[in-house]
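J.: One predicted model, sequence on top.
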Amino acid sequence: MKQFLSAITMGTLATLAIFTSFSFQWPTWVLFIAWLSYYIFGKSLKSALYAFSPITAGIALGIAIQLLGSVLSQYFGTIGFPLAVLICITSLGYLSKIKSLSNVPAWFMGLIIFFSVHPHLEAKPILIIFIPIIVGFIFAYLNDTITSIIQKKYNIL
């Protein structure tokens, strides 16, 4: 019974996540990347926050790569963008030494999100990316919390 209830909970929340994402025209996969990140990086609000910081930093690094690549491409042609990647990803080796930014896979989650969504380099489109990320973490937290309650309730009986 508890497995059934846990499965129904996950299915219901996933359906609600898809409905919400479609309704607001968010990239659904971004929401699910955040949901996945919640589980990969520790299954707690603290670990979600710990992952959110370098995901955000990864998005910022993607912006830096895009801007630097544009500048370098004016001087070096097609090699400009790869040079920007070399410079920025090399800096990640140092930036990840900062405790709150030490989660390198989360940096790459942010880079993946940024380069896959490929927003215009303006504040609003970039900030909008964070809505499905935050909502994805919320859905994962709700799923984890409800499933834990179900597991505890049916282990007592």
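T.: Received it, and whenever you're ready, just let me know what you need.
J.: all contacts plus neighbour counts: C-alpha atoms, from now on.
T.: OK.
J.: in what helix or strand does Met10 lie?
T.: Here Met10, judged by DSSP states H and E, is contained in helix 2-24.
J.: Mind listing residues that contact the following helix or strand past that helix?
T.: Proceeding N to C from helix 2-24, the next assigned helix or strand is helix 28-40, under DSSP H and E. Contact with helix 28-40 is made by 17-18, 21-22, 44, 47-48, 51, 106, 109, 113, 132-141, as judged by CA atoms under 8 Å, 6 or more residues apart in numbering.
J.: What mean pLDDT does helix 28-40 get?
T.: Mean pLDDT, computed over helix 28-40, is 94.
J.: which ones are touching the closest residue to Ser96 other than its chain neighbours?
T.: Nearest non-adjacent residue to Ser96, counting by CA to CA, 6 or more residues apart in numbering: Ser102, 4.2 Å away. Ser102 sits next to 54, 95-96 when contact means CA under 8 Å, 6+ apart.
J.: re earlier: drop anything exposed from the contacts of helix 28-40.
T.: Buried subset of those (neighbour count, 16 or more other CA atoms under 10 Å): 17-18, 21, 44, 48, 51, 106, 109, 113, 132-141.
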